[in-house]
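> Give me the fold of what follows.
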Amino acid sequence: MYRSLLLLLLLTGCATAPVEMQRPSLDDAPFAFNGRVSVKQGGKREKAGVRWVHNNAGDEILLLAPLGQTVARIRRDENKATLEASGRGYVAQDMESLMLQVLGWQLPLSGMRYWIVGLPAPEGESSIELADSGQLSVLRQQDWEISYTRYASGALDALPLRLSLRREGMEVLLLIDEWEKQ
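Have a look, this model is predicted:
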């Protein structure tokens, strides 16, 4: 009996409540997540795992093969963007043109760092539609339509888990498996 009680106490002490992630209150707040991305452009489709860490110093985005190997590492700081792939390094002024040059496709990364957390980017006009729940359902900005179809919870400030980005000739599906507290 004492063993059962001791085991129960130990297990209860080890249990932790899951951390519920909320949308940051600041426009350019740090974030990190692990997920998957699928890009469809023309008749071509690319899929990759993704790990994105964003903070005041810049961004680091890892594109991963199915077994977790890093296919490309994209970094951005205030001065430049770099991309490492297949043992080679590339440099450009922005991440989007660098991705297009090296990978043959690009993500709208400068706007996405805001859209991922459910906020419009500070530059450029935007329009939003809300779902009946009050959560963001559609954001239109920079010729992109971003649809939010799943959130971490029903709270108004919950972080998105599934986004679909569309513009003429291109579709991007982003599935976020795990948000990390920063």
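> just the helices in the chain please.
Assigned by DSSP state H, the chain shows helices spanning 2-14, 95-103, 109-115.
> Could you list the low-pLDDT ranges of the chain?
1-28 (pLDDT under 70).
> residues contacting the residue sitting nearest the centre point of it?
Taking C-alpha atoms, centre = their mean, the centroid of the chain lies closest to Ile116, which sits 5.1 Å from it. By C-beta atoms under 8 Å, 6 or more residues apart in numbering, the contact list for Ile116 reads Phe31, Phe33, Trp52, Pro160, Leu163, Leu174, Ile176. Yep, even glycine has a C-beta here, placed from its N, CA and C like the rest.
> Now render these as a markdown table, adding distance to Glu123 and neighbour count.
Formatted as a markdown table, the contacts of Ile116 follow (distance: C-beta to C-beta, whole Å; neighbours: other C-beta atoms under 10 Å):
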| residue | distance to Glu123 | neighbour count |
| --- | --- | --- |
| Phe31 | 19 | 21 |
| Phe33 | 23 | 22 |
| Trp52 | 20 | 22 |
| Pro160 | 21 | 23 |
| Leu163 | 19 | 22 |
| Leu174 | 21 | 23 |
| Ile176 | 24 | 21 |
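> So which of those are in strands?
Using DSSP state E, the subset of those located in strands is Phe31, Phe33, Trp52, Pro160, Leu163, Leu174, Ile176.
> any idea which of the residues you listed is the one closest to Glu125?
Closest approach to Glu125 among the ones in strands among the contacts of Ile116 (C-beta to C-beta): Leu163, at 19.7 Å.
> Run through the bridge partners of Lys44.
Taking DSSP bridges as the rule, Lys44 bridges to Gln41.
> From Gly111, how far off is the spatially closest residue to Glu168 that is not a sequence neighbour?
Nearest residue to Glu168, sequence neighbours excluded (C-beta to C-beta, 6 or more residues apart in numbering): Asp143, at 7.5 Å. Between Asp143 and Gly111 the computed distance is 10 Å (C-beta to C-beta, to the nearest Å).
> now swap in Leu173 and tell me
For Leu173 relative to Gly111 (C-beta to C-beta), the value is 16 Å.
> Now do the same contact list for Phe33.
Applying C-beta under 8 Å, 6+ apart, we find Phe33 in contact with Arg51, Trp52, Ile116, Ile176, Asp177, Glu178, Trp179, Glu180.
> how about a cut-off of 6 Å?
Contact partners of Phe33, counting by C-beta atoms under 6 Å, 6 or more residues apart in numbering, are Trp52, Ile176, Trp179.
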